[in-house]
Every structure is written in C-alpha cells, then in structure tokens.
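Student: mind looking at a prediction? Sequence and model below.
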Amino acid sequence: MSTEPLLLAVPSKGRLQENAFAFFAQAGLPLVQPRGARDYRGVVAGLNGAAEVLFLSASEIAKELSAGNVHLGVTGEDLIRETVPEADKRVLLLAPLGFGPATVVVAVPQAWIDVRTMADLDDVATAFRSRQGRPLRVATKYITLTRTFFARHGLGDYRIVESLGATEGAPASGTADVIVDITTTGSTLAANALKILDDGVILKSQANLVASLRAPWGDTAREAARAILARLGAAARARAVQEVKAMPEGDFAALAAEALREFRAVAPYGVQSGGPLVLHAPKDMIFPLADWLMSQGAQTVQTTNLDDVFEKKNPLHEALLAALPNA
Ligand SMILES: Nc1ncnc2c1ncn2[C@@H]1O[C@H](COP(=O)(O)OP(=O)(O)OP(=O)(O)O)[C@@H](O)[C@H]1O
Ligand SMILES: O=P(O)(O)OC[C@H]1O[C@H](OP(=O)(O)OP(=O)(O)O)[C@H](O)[C@@H]1O
Ligand SMILES: [Mg+2]
C-alpha cells in the first residue's frame with residue numbers, strides 16, 4: 001500500500017495565482033506555505049500531510065501533469081492543449097474554475113480589409129507564395145494549436161515564427177504577417193491594429209482543475225483526492241444552486257417532478273407531506289421557479305445562498321475514478 005502523499009501543483013505567480021489561492025480557501029482547503037511566501041512547497045491544511053502543494057508557473061504545471069510528476073494541478077486549458085501530447089491519455093480536465101479566461105485567436109492586420117476568414121487567409125498565403133516567393137509568416141508561442149487549427153482549415157503553406165512575448169508587435173515590426181495569441185479584453189490586439197478572423201477562434205480557455213493520469217496514484221493519494229474533490233464539489237454545487245423553500249398547494253410529489261422537468265430543480269430531502277417544499281435550483285432558474293410556485297398557491301417563496309452542498313454522489317471524484325487505470 002503506497003503512502004506517498006498527493007502532489008497538488010498551484011500557480012506560484014502570474015494571473016492565475018491569486019484566484020487559485022482564493023479558490024482553494026473558499027472550498028475550506030487553505031494552502032499553507034509553512035516557511036513563508038517564497039517557499040515553493042506547502043501543504044493543504046486539514047489533510048494530515050496527505051496532500052503536498054508545489055508552487056510552479058502555469059506552463060510548468062501543464063508539463064508536470066503531462067509527465068505524471070504531480071497528481072492534480074491548476075492551469076489554463078490553453079497550456080494543456082498546447083503542451084500535452086495526446087492530452088486525453090495523459091490528463092483529465094476535472095472542472096473549469098471560472099477564472100483566467102483567455103481566448104486563443106488568429107489575428108491579422110486591420111488594414112487587410114478583405115481578409116475576414118481562414119479561407120481568405122489561405123488566399124493571402126497563396127498570394128505571398130506567388131508574388132513574393134515566400135510563405136505567410138505566423139508569429140506565435142502556441143505552435144501545436146496553430147498547426148492543428150491551420151491544418152483543419154486546409155491551410156498548409158505558412159511558416160511559424162516562434163514568439164516568446166509581445167507577439168502582437170510582430171506584424172508591425174515586420175517579423176511576421178499574422179499572429180496566433182491569447183486575448184482577454186482585446187485591448188492589446190486593438191493597440192496593435194489587429195483584428196480576429198470571423199472563424200479564427202481556436203480555443204476558449206480558462207483555468208481548470210486537472211488530474212494527471214500518469215501520476216503514481218497510490219492509496220494515500222487517492223484518499224487525499226477524494227477528500228479534496230468532496231470539498232471542491234460541495235463548494236461548486238453551493239455556487240451553482242440556491243435553496244428554495246415554499247408551501248405550494250397540491251400534491252408535492254407531482255409539483256417536485258414538474259419543478260425538476262421545467263426548472264432543473266431537485267428536492268434533495270424528498271417531499272414531506274406537511275411541507276414545506278425544499279428545492280435546490282440553478283441560479284438562472286430562481287425567478288421563473290418562484291413565479292411558478294406562487295402560481296401553484298405559494299404565498300411566500302424564500303431563497304438562500306448555500307455555503308456547501310456535500311453530496312454522496314460526487315461527479316468530480318467519479319470522473320477521476322473512471323479515468324484512472326485499474327481504479
Ligand atoms: N490576459 C492574459 N494574458 C496571459 N495569460 C492569461 C491571460 N488571461 C488568462 N491567462 C492565462 O494564464 C495562463 C498563463 O499564466 P502565466 O503567464 O502567469 O503563466 P506562465 O506562462 O507559465 O508564466 P511565465 O510566462 O511568466 O513563465 C494561461 O493559461 C493563460 O491562458
Ligand atoms: O486581450 P488583453 O486583455 O489585452 O490581454 C492579452 C495580452 O495579455 C498577455 O500578455 P502579457 O501582458 O502577459 O505579456 P506577455 O505575454 O508578453 O508576457 C497576452 O500574451 C496578450 O498579449
Ligand atoms: Mg505569460
């Protein structure tokens with residue numbers, strides 16, 4: 001029986017760091033750095049040493065998950081898709097985390113007014129070859145994503161100019177003709193007079209909780225993952241729903257069935273004959289559900305934000321178990 005602790009990799013700096021810390025703390029899993037903020041190892045508090053934390057950069061986390069050197073990690077989906085070969089065999093994206101949004105796009109100079117689509121860009125590539133005797137040049141650090149996307153659009157005659165920063169400046173400085181890079185607010189593209197092709201969205205990325213399928217998943221690591229995923233799952237479920245309480249008139253069982261069908265609301269404690277009817281409903285359904293409950297005779301409909309909703313059936317843990325070898 002393996003007692004090696006679970007290794008969790010969390011961004012140590014950059015855009016994802018602050019949100020990642022807050023995310024674990026909010027789920028009742030504070031990450032502590034016993035020797036201070038410059039310490040690159042820590043622990044997940046409350047798990048008796050069963051889970052250690054490694055603080056790495058977002059791109060290193062993608063590599064370590066791929067290699068199986070950590071069990072769980074937080075990093076951007078863009079970095080996973082770019083750096084992990086045959087990603088589906090090596091990692092499992094357990095859950096998007098709602099922060100670190102970034103879209104990987106193909107962008108061209110705004111001055112190319114007739115170029116709006118990947119098909120137009122293919123024509124440009126053909127023109128570069130025949131008139132200038134050279135291929136279209138694409139500046140990017142997303143080499144794999146670019147190759148796959150261009151191939152999917154039948155665009156083959158181009159050259160990648162590897163860029164390690166300030167990619168958006170490449171067309172103006174003449175080192176490339178077009179770019180593939182991430183954008184969030186769009187202000188960097190606009191400042192460099194670039195526009196996104198209509199069909200030029202390669203990937204909509206955000207930070208994800210990712211499991212490595214190649215890591216040595218011993219008993220201690222599995223048990224730590226179960227405990228972590230139970231807490232994360234409870235916090236996620238609590239964010240997704242509100243509790244709704246009301247005393248409608250009529251057959252509660254039939255009303256609960258209709259609430260599920262029409263409003264995706266569940267009755268987690270079943271229906272009590274004396275009432276009230278207690279439901280967990282998705283946040284975007286609260287108003288229509290309340291309206292409907294009042295149309296069914298409820299005088300008052302009360303909703304509550306929840307801190308945690310622990311459920312015996314934990315979709316995160318089940319997804320992990322299903323993906324791990326001989327689980
Ligand atoms: N506006 C943005 N610019 C850069 N990255 C962003 C942005 N918004 C979200 N992200 C995401 O943050 C992750 C990259 O974070 P960061 O740049 O801190 O990591 P890194 O590339 O590993 O670090 P570094 O480049 O300093 O070594 C990516 O997944 C990216 O999609
Ligand atoms: O759409 P926006 O909101 O303008 O954000 C996108 C820009 O932000 C990032 O650059 P960053 O500032 O991290 O510099 P670097 O990648 O060159 O290090 C990214 O590489 C884009 O250039
Ligand atoms: Mg960066």
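Tutor: Now that the structure is in, tell me what you want to look at. Ligands and ions are numbered 1, 2, ... in the order given.

Student: quick check: residues of the stretch 151-300 of the chain near ligand 1?
Tutor: For the stretch 151-300 of the chain, the residues in contact with ligand 1 (C-beta under 6 Å from any ligand atom) are I182, T184, S205. Every residue, glycine included, has its C-beta placed from N, CA and C.

Student: let me know the pLDDT of the second one.
Tutor: Looking at T184, its pLDDT is 97.

Student: count the residues that sit near the closest residue to it other than its chain neighbours.
Tutor: With sequence-adjacent residues excluded and distances taken as C-beta to C-beta, 6 or more residues apart in numbering, T184 is closest to A102, at 5.2 Å. Using other C-beta atoms under 10 Å, A102 is surrounded by 19 other residues.

Student: re the thing from before, can you tell me which of the residues of the stretch 151-300 of the chain next to ligand 1 comes closest to ligand 1?
Tutor: Using C-beta to the nearest ligand atom, T184 comes nearest to ligand 1 of those, at 3.8 Å.

Student: what sits against that closest one?
Tutor: By C-beta atoms under 8 Å, 6 or more residues apart in numbering, the contact set of T184 is P101, A102, T103.

Student: what about ligand 1: which of those touch it?
Tutor: Restricting those to those adjacent to ligand 1 (criterion: C-beta under 6 Å from any ligand atom) gives A102.

Student: what is the nearest of the contacts of T184 to D307?
Tutor: Proximity of the contacts of T184 to D307 was ranked by C-beta to C-beta; the top entry is P101 with 25.4 Å.

Student: surely that closest one meets S205?
Tutor: Yes. Using C-beta atoms under 8 Å, P101 is in contact with S205, at 7.2 Å.

Student: below-threshold pLDDT in the protein: ranges please.
Tutor: Along the chain, segments meeting pLDDT under 70 span 1, 37, 327.

Student: what do you get if the cut-off is 90, keeping everything else the same?
Tutor: For the chain, the stretches with pLDDT under 90 are 1-3, 13-15, 33-40, 164-165, 272-275, 325-327.

Student: walk me through the domains of it.
Tutor: 6-100+206-237+314-323, 102-204, 248-299 (automatic domain parsing).

Student: any chance you could map the helices in the stretch 101-250 of the chain?
Tutor: Remark: helices assigned in the stretch 101-250 of the chain by DSSP state H, counting those that start in this stretch are 118-127, 143-152, 170-173, 187-191, 219-240.

Student: closest to ligand 2 out of the ones you listed?
Tutor: When the helices of the stretch 101-250 of the chain are compared (using C-beta to the nearest ligand atom), the closest one is helix 187-191, at 3.3 Å.

Student: what's near enough to touch Q17?
Tutor: Counted by C-beta under 8 Å, 6+ apart, Q17 has contacts V10, P11.

Student: done for today, thanks.
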